[in-house]
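*Asks:* Model the following, please.
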Amino acid sequence: MTPRTTKLSGARKALERSRPVLALAGVTYAGLALSVISAPMLASALGASGRGQLAAAFAVIQVLGFVAFIGLPRGVAVQDHREASASRGAVVLVGAIGLLSASACFVLAEQLAGGEPWVAHAIRISSVVLAVAGVYQIGVERLLLASRLKVYNLSRICNVVLPSLGYIVAFLAGALTLELAFAISLTGQLLASLVGVVSSFGLIRRSSAKPPPWRFSTSMWSSTVVDGVAWRMDQVLLAMLATSATLGVYAVASTIAAASGGLTQALNAVLYGRFAATADDGPTAMRRNRVISLGSSVLASTAMIVAIAIWQEALLGPTFDGLLAPLILLCIAQALNDQWQLQVYRQAAAQTSTGLTLPSWLGLASFGVAAAAFAAAGTLDAATMALAVLSGAVVRICLRLAAHARASRSARPAAHAR
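*Replies:* As a prediction, the model looks like this:
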């Protein structure tokens, strides 16, 4: 084999390995491109206040979807992957929790909406998503563990791409209203839920009478609760304590920041399946993965921040003043959160949560204290909420790095003794 042939063969193998990552990232950035087109249309049709109401309609549902199931969907999926079947009792409990959570959300909609009648009505309708959220999560986790990324991508298309397409079509038809935007968003979430629910059928059929994976599920949930709570509770708090216009600015900044990690999130998703299928990659490979993912986050964030700084009014209209500051802060937080998620995937595949619990809870506490302080001082707005989120992300990742450094120092004397 000639050197040229060897290089071509290596390039083909590298392309083959990167194809799943590129496919997942492609959906994220396709959604972002469509969002760039649809965002000014939404802004023009709804204004910052309407955009805030739209975000408030789903914020509570998203928080409860993460918190209510106490980690059982991931625990059930990992149990099925490792043991060829999952606990039937755990699967039934996940379904029951979804129904109970949706009922509670329906009953408490007025309080959750901060007194806004339209938002309360929208929360009641969107609670149907929460009813099936647990089973959906089981299906999605199973898809990732089995590296069935094409089907997983289908659920993401429903969540990321279809709503923006719907907004664009409705705007061009002169029919984009707050009610129709809500219906489009809800339809995308329901279609994504359908993909996840159908993907869980095989696991449900294989389930058997065995103990639920309580220890792993609750420990992993308690270790990662800040991932769902802080990154979703921010909008819930703004919906309750700030104006709809403020929430609208923050929601747009949060959407752009989340998209800035598209390539990193795609890499994490692919690696999750590899962690589950093979032995640990080892420290050298993990460092390489972290450098690549962090580099992609920095490049994407920089490009988006510069674009907004130059073309904000042209892209989004005149009602989103003050967008740049929360966007910068949330992009930094997103990069740190994506690094954390890679570590969570690595340990979830190995069924261990060692070293995650304390940083996670202290990060959540930091976020809560900062948000409460800003609210008490009367300065809670899009930028200060973003700063509160960033404080939680920084505390969490710094504590995790400190714990890892201590573990490495402890391991060196033991290695020398052997």
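
*Asks:* in the stretch 151-300 of the chain, which spans are strands?
*Replies:* In the stretch 151-300 of the chain, no strands are defined using DSSP state E, counting those that start in this stretch.

*Asks:* Give me the below-cutoff pLDDT ranges for it.
*Replies:* When residues are selected by pLDDT under 70, those of the stretch 151-300 of the chain lie in 223-232, 277-285.

*Asks:* Isn't Asn268 up against Gln341?
*Replies:* Yes - using CB atoms under 8 Å, Asn268 and Gln341 qualify as a contacting pair, with a distance of 5.4 Å. For the C-beta atoms, the positions are set from N, CA and C on the backbone; glycine is no exception.

*Asks:* ok, Tyr58 to Ala120 distance?
*Replies:* Small correction: residue 58 is Phe, not Tyr. Taking CB to CB, to the nearest Å as the measure, Phe58 falls 13 Å from Ala120.

*Asks:* Asn268 and Gln341: which is more packed in?
*Replies:* Remark: of Asn268 and Gln341, Asn268 carries more neighbours, 24 against 19, as counted by other CB atoms under 10 Å.

*Asks:* quick one, what contacts the more buried one?
*Replies:* Applying CB atoms under 8 Å, 6 or more residues apart in numbering, we find Asn268 in contact with Ser293, Asp338, Gln341, Leu342, Tyr345.

*Asks:* Tell me which of those residues fall in helices.
*Replies:* When the contacts of Asn268 are checked against helices (DSSP state H), the matches are Ser293, Asp338, Gln341, Leu342, Tyr345.

*Asks:* which residues touch the closest residue to Val119 other than its chain neighbours?
*Replies:* Residue nearest to Val119 in three dimensions, not counting chain neighbours: Ala113, with 3.8 Å by CB to CB, 6 or more residues apart in numbering. Remark: with contacts taken as CB under 8 Å, 6+ apart, Ala113 is in contact with Ala56, Val119, Ala120, Ile123, Ala239.

*Asks:* Thought Ala122 was touching the last one, still the case?
*Replies:* No - Ala239 lies out of contact with Ala122 (CB under 8 Å); the separation is 11.2 Å.

*Asks:* any residues in contact with both of those two?
*Replies:* Here Ala239 and Ala122 have Ala56 as joint contacts, going by CB under 8 Å, 6+ apart.

*Asks:* Give me the neighbour count for the closest residue to Arg156 other than its chain neighbours.
*Replies:* With CB to CB, 6+ apart as the measure, Val27 is the residue that lies nearest to Arg156, at 5.1 Å, once sequence neighbours are left out. A total of 20 residues lie near Val27 under the criterion other CB under 10 Å.

*Asks:* Ok, Ser297 next?
*Replies:* Residues lying near Ser297 (other CB under 10 Å) number 24.

*Asks:* Do I have it right that it meets Ala258?
*Replies:* No - taking contact to mean CB under 8 Å, the distance of 11.3 Å between Ser297 and Ala258 leaves them out of contact.

*Asks:* from the contacts of Ala113, which is closest to Ser199?
*Replies:* Closest approach to Ser199 among the contacts of Ala113 (CB to CB): Ile123, at 26.9 Å.

*Asks:* What count of nearby residues applies to the closest one?
*Replies:* Burial measure for Ile123: 26 neighbouring residues, criterion other CB under 10 Å.

*Asks:* Can you name the residues that contact it?
*Replies:* Under the criterion of CB under 8 Å, 6+ apart, the contact partners of Ile123 comprise Ala56, Ala57, Val60, Ile61, Cys105, Phe106, Ala109, Leu112, Ala113.

*Asks:* how near is the residue nearest to Val119 to Ala183?
*Replies:* According to CB to CB, Ala113 stands 18 Å off from Ala183.

*Asks:* ditto for Leu263
*Replies:* The spacing between Leu263 and Ala183, counted by CB to CB, is 31 Å.

*Asks:* These two - which one has more neighbours?
*Replies:* Leu263 (23 against 15).

*Asks:* Of the contacts of Ile123, which pair is most distant in space?
*Replies:* Looking at those by CB to CB, the two members farthest from one another are Ala56 and Phe106, with 15.7 Å of separation.

*Asks:* ok, the two, which is more surrounded?
*Replies:* Just comparing Ala56 and Phe106: by other CB under 10 Å the higher neighbour count belongs to Ala56, 27 against 17.

*Asks:* from memory the more buried one sits against Val119, does it?
*Replies:* Yes - Ala56 sits in contact with Val119 when judged by CB under 8 Å, with a separation of 4.7 Å.

*Asks:* what sits in contact with each of the two?
*Replies:* Listed as contacting both Ala56 and Val119 by CB under 8 Å, 6+ apart are Ala113, Ala239.

*Asks:* could you pull out the helices for the stretch 1-150 of the chain?
*Replies:* The residue ranges that make up the helices of the stretch 1-150 of the chain, judged by DSSP state H, counting those that start in this stretch, are 3-67, 72-83, 88-107, 109-112, 117-131, 133-145, 149-156.
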